[in-house]
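Student: Pasted the sequence and its predicted model underneath.
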Amino acid sequence: MTRIAVFGTGYLGATHAACMAELGHEVIGVDVDASKLAKLEAGEVPFYEPGLEEVLKRNLAAGRLRFSSSYQEAADFAEVHFIGVGTPQKKGEFAADLTHVDAVVDSLAPLLTRPAVILGKSTVPVGTAARLAEKARSKAPAGDDIELGWNPEFLREGYAVQDTLHPDRLVLGREWSRTSRVEDVTREVYAQLLDEGIPFLVTDLATSELVKTSANAFLATKISFINAMAEVCEAAGADVSVLADAIGHDARIGRRFLNAGVGFGGGCLPKDIRAFMARAGELGADQALTFLREVDNINMRRRTRMVELVRDAIGGSLLGTRIAVLGAAFKPDSDDVRDSPALNIAGQIQLQGASVNVYDPRAIENSRKIFPTLEYATSVREACSGADAVLVLTEWDEFRNLHPSELDRVVRGRRMIDGRNCLSPVDWISAGWEYRGLGRPSFTPQRSSMGYGEGLASTTLRLGRR
Ligand code: UGA
């Protein structure tokens, strides 16, 4: 058992604190936001994350987990201090804003009077960890007895608990010039996971920081690659979903993260690729990452393309039309709307004169805060009532499983525009709907009767959750 403090109680920090307690450690979660702490202490997760509430409640009840705003309490209590605060994009710049990460070290270090280990988990530009290590040692009364390592986090929202307790790999960056204490302590903290055979890679600080940013850059590139293919498919009259299935069978390529659609959003991929470009520029390696600018461009173009697709489907102008938007979260199983393609598209369509009614199973409250002028519905049927077109922009199961007969008499125009290529065109076409997907030919009931539907059935019905 190790005594652990986790600084930051957002997606990363709250999950990490609860999961470290689940592994049997004694944990204190620290944040400056009193309202978040009050919720967490009461066993309530301040955001939607399947499975986290059970872990939180179980460990609060077992007395292994508590929350506090006191750095002093954390410094007195813990041997290991995890940094799990956010590193958002700086306003008006690509670079990462490290204010919160620096603030943790500035507040914590002067209170460290005993030997301690600091382990960073936040996504930071390469070079940050080495700088923070020096800063912590210079500010801490324990001085040279403070060691810092970087232990990047790869969790996905929606699978946060699973990804923390059963990660693909654990990575630790350490300072080779110092003792092995950081590594020893990290091995103790994750002993249970290491016993299960989860790969553990130990490296220097810079490499560990780069592992995280390059992993997200690769994922973003993979999504933009397939979305670029979608653009070509649109021009050539081909079908990107079938193309992704076909190339995905090559194990070197793989089918995961190859879903074309409205592209990536959220609090990580967009800002991480931008921060990565900014940092490479500072290091004089900007040429190496110029392709990420194109990755970003392709991604943002998908949003505009979706708006064009809707406009075309509806006859050339959105003015005075009613559009139903199903999905607001940046991805399913999340209530996170940060840089959500769905909300961005809903906003653009509204600006072109349509009345837009949005429904999402979890993200309405958060959406309202940033897009108060959109209309929000409490069900799919309500959102689709009188709609000239229905847009699926987040692939929640509730939408994937929709049957045309549920909406046939609710809508004004039977047009389904699938921004995530998550529906079966043949189901909608055979029910008399017009179906359009990004990177796919448009399918109207007439075309399907010429044989398109039959051809599609074999491919689209196999599209499971990926
Ligand atoms: C991402 C990474 O997947 C995690 O490994 C990483 O730890 C995390 O960022 C982070 O840096 O903290 P997350 O932002 O939760 O996780 O979401 P993803 O599942 O990666 O999805 C990102 C976006 O890509 C979503 O908008 C999703 O809809 C989109 N996407 C994903 C596609 O458009 N197509 C795909 O095939 C897959």
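Tutor: Received it, and whenever you're ready, just let me know what you need.
Student: The residue of the stretch 1-150 of the chain at minimum distance from the ligand: neighbour count?
Tutor: The minimum distance from the stretch 1-150 of the chain to the ligand, using C-beta to the nearest ligand atom, falls at residue 123 (5.4 Å). C-beta here means a position set from N, CA and C on the backbone, and glycine is covered the same way. Applying the criterion other C-beta atoms under 10 Å, we find 25 residues in the vicinity of residue 123.
Student: Assess the claim that it and residue 216 are in contact.
Tutor: Yes: in this structure residue 123 lies within contact range of residue 216 using C-beta atoms under 8 Å: 7.4 Å.
Student: Identify the contacts common to those two.
Tutor: With contacts taken as C-beta atoms under 8 Å, 6 or more residues apart in numbering, the residues that reach both residue 123 and residue 216 are 268, 272.
Student: Let me see the contact set for the nearest residue to residue 112 once chain neighbours are set aside.
Tutor: When the adjacent residues along the chain are set aside, residue 112 lies closest to residue 140, with 4.1 Å between them (C-beta to C-beta, 6 or more residues apart in numbering). With contacts defined as C-beta under 8 Å, 6+ apart, residue 140 is in contact with 109, 110, 111, 112, 113, 116, 146.
Student: so residue 336 touches residue 157, yeah?
Tutor: Yes: judged on C-beta under 8 Å, residue 336 makes contact with residue 157 at a distance of 5.8 Å.
Student: Show me whatever sits in contact with both of the two.
Tutor: Between them, residue 336 and residue 157 have 11, 266 as joint contacts when contacts are counted by C-beta under 8 Å, 6+ apart.
Student: I'd say residue 89 and residue 269 touch.
Tutor: No: at 11.6 Å, residue 89 and residue 269 do not qualify as touching, with contact defined as C-beta under 8 Å.
Student: So the two - more neighbours on which side?
Tutor: residue 269 (23 against 18).
Student: Identify the residues contacting the closest residue to the more buried one other than its chain neighbours.
Tutor: Counting by C-beta to C-beta, 6+ apart, the nearest residue to residue 269 once its immediate chain neighbours are dropped is residue 220, at 4.7 Å. Applying C-beta under 8 Å, 6+ apart, we find residue 220 in contact with 264, 269, 270, 272, 273, 292, 295, 296, 299.
Student: Return only those of those residues found close to the ligand.
Tutor: 264, 269, 272 (C-beta under 6 Å from any ligand atom).
Student: how many other residues sit next to residue 41?
Tutor: Other residues within reach of residue 41, judged by other C-beta under 10 Å, total 15.
Student: is the closest residue to it other than its chain neighbours in a bridge, and if so with what?
Tutor: Sequence neighbours aside, residue 67 is the residue nearest to residue 41 in space, at 5.0 Å (criterion: C-beta to C-beta, 6+ apart). The partner list for residue 67 in beta bridges (DSSP bridges) reads residue 29.
Student: So residue 67 sits against residue 9, correct?
Tutor: Yes: Residue 67 is within contact range of residue 9, at 6.9 Å (criterion: C-beta under 8 Å).
Student: circling back to that earlier point, farthest pair in the contacts of residue 140?
Tutor: The span of those, defined through C-beta to C-beta, is set by 110 and 116 at 12.3 Å.
Student: Neighbour count for those two, which is higher?
Tutor: For the pair residue 110 and residue 116, the greater number of neighbours falls to residue 116 (24 against 14), based on other C-beta under 10 Å.
Student: Look up how far residue 84 lies from the more buried one.
Tutor: Spatial separation of residue 116 from residue 84 under the definition C-beta to C-beta, to the nearest Å is 16 Å.
Student: Ok, residue 336 next?
Tutor: Using C-beta to C-beta, one gets 16 Å for the distance from residue 336 to residue 84.
Student: From the neighbour counts alone, determine which of those two ranks first.
Tutor: Relative neighbour count places residue 84 above the other of residue 336 and residue 84, with 27 against 24, counting by other C-beta under 10 Å.
Student: Could I get the pLDDT score of that one?
Tutor: For residue 84, the model assigns a pLDDT of 98.
Student: Apart from its neighbours in sequence, what residue is nearest it?
Tutor: Nearest residue to residue 84 in three dimensions, chain neighbours excluded: residue 13, at 3.4 Å (C-beta to C-beta, 6+ apart).
Student: And for residue 62?
Tutor: Of all residues not flanking residue 62 in the chain, residue 21 sits nearest, at 7.5 Å (C-beta to C-beta, 6+ apart).
Student: If any of the contacts of residue 140 are buried, put those into a ChimeraX selection.
Tutor: Restricted to the buried members of those, where burial is judged by 16 or more other C-beta atoms under 10 Å, the ChimeraX selection command reads as follows:
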select :109,111,112,116,146
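Student: how about the contacts of residue 140 in a markdown table, adding pLDDT and distance to the ligand?
Tutor: Converted to a markdown table, the contacts of residue 140 look like this (pLDDT from 0 to 100; distance: C-beta to the nearest ligand atom, whole Å):
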| residue | pLDDT | distance to the ligand |
| --- | --- | --- |
| 109 | 98 | 25 |
| 110 | 98 | 29 |
| 111 | 98 | 28 |
| 112 | 98 | 27 |
| 113 | 98 | 33 |
| 116 | 97 | 25 |
| 146 | 97 | 26 |
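Student: Inside strands: which ones of the contacts of residue 140?
Tutor: Among the contacts of residue 140, the members found in strands (DSSP state E) are 116, 146.
Student: Residues contacting whichever helix or strand residue 100 is part of, please?
Tutor: Element membership of residue 100, judged by DSSP states H and E, is helix 99-108. Residues outside helix 99-108 that contact it (C-beta under 8 Å, 6+ apart) are 7-8, 71, 74-75, 81, 83, 85-87, 118, 120, 122, 124, 128, 132, 135-136, 139.
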